[in-house]
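>>> the following comprises the amino acid sequence and a computationally predicted model.
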Amino acid sequence: MIISSLNNLLNTYSYTYDEVWNITSDNKKNYTYDDIYIITQTNDTNTTLQLENFAYDNVWIKKTELIYN
């Protein structure tokens, strides 16, 4: 029963990818990357409302993650 429920959950998600296999969208979010394929933001798939914004320091360590409601 647990495995069946897990399979059903996994089958409900659909992902799209770019040319370097970054996820560009799923059922809930669109993902945006910079020129070197570092994630910069996510938007709601249905409303395009920005959900998260990511910033990094000079050695690409994530400094901030702002979540919008």
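Arrived safely, thanks for sending. Numbers count the residues shown, from 1 in each chain.

>>> what distance do you get for the residue nearest the centre of the chain to Asn43?
When C-alpha atoms, centre = their mean is applied to the chain, the residue found nearest the centroid is Tyr31 (4.6 Å). Tyr31 sits 8 Å away from Asn43, going by C-beta to C-beta, to the nearest Å. In short, each C-beta sits where N, CA and C put it, glycine included.

>>> for Tyr13, give me its contacts.
In this structure, Tyr13 makes contact with 26-27, judged by C-beta atoms under 8 Å, 6 or more residues apart in numbering.

>>> mind telling me what element Thr48 is part of?
Remark: Thr48 resides in no helix or strand, with elements defined by DSSP states H and E.

>>> hang on, the earlier thing: okay, and the residue nearest to the centre of the chain sits in which element?
strand 29-33.

>>> which residues does that strand contact?
Contacts for strand 29-33 (C-beta under 8 Å, 6+ apart): 18, 22-25, 39-45, 48, 51.

>>> for the chain, just list every one of the strands.
With strands called from DSSP state E, the chain shows them at 16-17, 23-25, 29-33, 39-44, 50-56, 62-67.

>>> make JSON lines out of those and add mean pLDDT.
Formatted as JSON lines, those follow (pLDDT from 0 to 100):
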{"stretch": "strand 16-17", "mean pLDDT": "94"}
{"stretch": "strand 23-25", "mean pLDDT": "95"}
{"stretch": "strand 29-33", "mean pLDDT": "95"}
{"stretch": "strand 39-44", "mean pLDDT": "93"}
{"stretch": "strand 50-56", "mean pLDDT": "88"}
{"stretch": "strand 62-67", "mean pLDDT": "70"}
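
>>> does Ile67 touch Gln50 like I think?
No: if you go by C-beta atoms under 8 Å, Ile67 and Gln50 don't touch, sitting 9.7 Å apart.

>>> okay then, goodbye and thanks.
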